[in-house]
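# Okay, predicted coordinates and the sequence, questions at the end:
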Amino acid sequence: MIQAADIREWRTYAVVDPKGHKIGVLEAVYVDTTTDEPAVITVRTGLPARRRLVFVPLDDALLGPDYVKISYTKSLVRKAPSIGTDDILPAEQEEAIFQHYGMTYQPGANGERKLARR
């Protein structure tokens, strides 16, 4: 299991798919608000003038010395929900991230957010 204490060190790590193809650079880590464990990362992709942050779940991710290998293909990640590099994730868009990757979305008991940026 990837430890939450290490997440500050991950910023600027390369994010690669299962075949080792670079997708982009890790920008931020979002934790599950019920467990406080790392759950999703944002990956900075695109050309310098048109950068965006795409969301990728960390399930089955492997952490290397300077990279994070995710379990999703580059083509799937490129089509994932995204935000601008200066934007924040609106609560109403969280479910779309989970749906994109075929995962079940379960908000908090009182409807609170599932993800929090660390």
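Ah, there it is.
# Please identify the buried residues of stretch 21-28?
Neighbour-count burial for stretch 21-28 flags Ile23, Gly24, Val25, Leu26, Glu27, Ala28 (criterion: 16 or more other Cβ atoms under 10 Å). No exception for glycine: its C-beta is placed from N, CA and C like everyone else's.
# For the residue nearest in space to the middle of the chain, name its beta-bridge partners.
Closest to where the C-alpha atoms of the chain average out (Cα atoms, centre = their mean) is Ile41, at 2.1 Å. Counting by DSSP bridges, Ile41 is bridged to Val29, Val56.
# Also the one 4 residues further on?
Bridge pairing for Thr45 (DSSP bridges) gives the partners Arg52.
# Now do the contacts for it.
By Cβ atoms under 8 Å, 6 or more residues apart in numbering, the contact set of Thr45 is Ile23, Gly24, Arg51, Arg52, Leu53, Val54, Val77, Arg78, Ser82.
# which residues of the chain fall in helices?
Using DSSP state H, the helices of the chain run over 74-78, 94-100.
# Can you list the residue ranges for strands in the chain?
Taking DSSP state E, the strands of the chain run over residues 14-16, 22-32, 38-45, 52-57, 62-63, 67-69, 82-83, 115-117.
# Tell me which other helices or strands the last one touches.
Identification of packing neighbours for strand 115-117 by 3 or more Cβ pairs under 8 Å, 6 or more residues apart in numbering; DSSP states H and E yields strand 22-32.
# so where is the protein shaky, pLDDT-wise?
Within the chain, the ranges that satisfy pLDDT under 70 run 1-8, 109.
# Farthest pair within the contacts of Thr45?
Pairwise distances across those (Cβ to Cβ) peak at 14.7 Å, for the pair Arg51 and Val77.
# Contact partners for Asp60?
Applying Cβ under 8 Å, 6+ apart, the residues near Asp60 are Ile70, Ser71.
# hmm, I was thinking of Gly46
Gly46 touches Gly24, Arg52, counting by Cβ under 8 Å, 6+ apart.
# Equivalent analysis for the one 5 residues further on, please.
Taking Cβ under 8 Å, 6+ apart as the definition of contact, the neighbours of Arg51 are Arg44, Thr45, Thr85.
# Repeat that for Pro57.
Ala39, Val40, Ile70, Tyr72, Ile97, Phe98, Tyr101, Met103.
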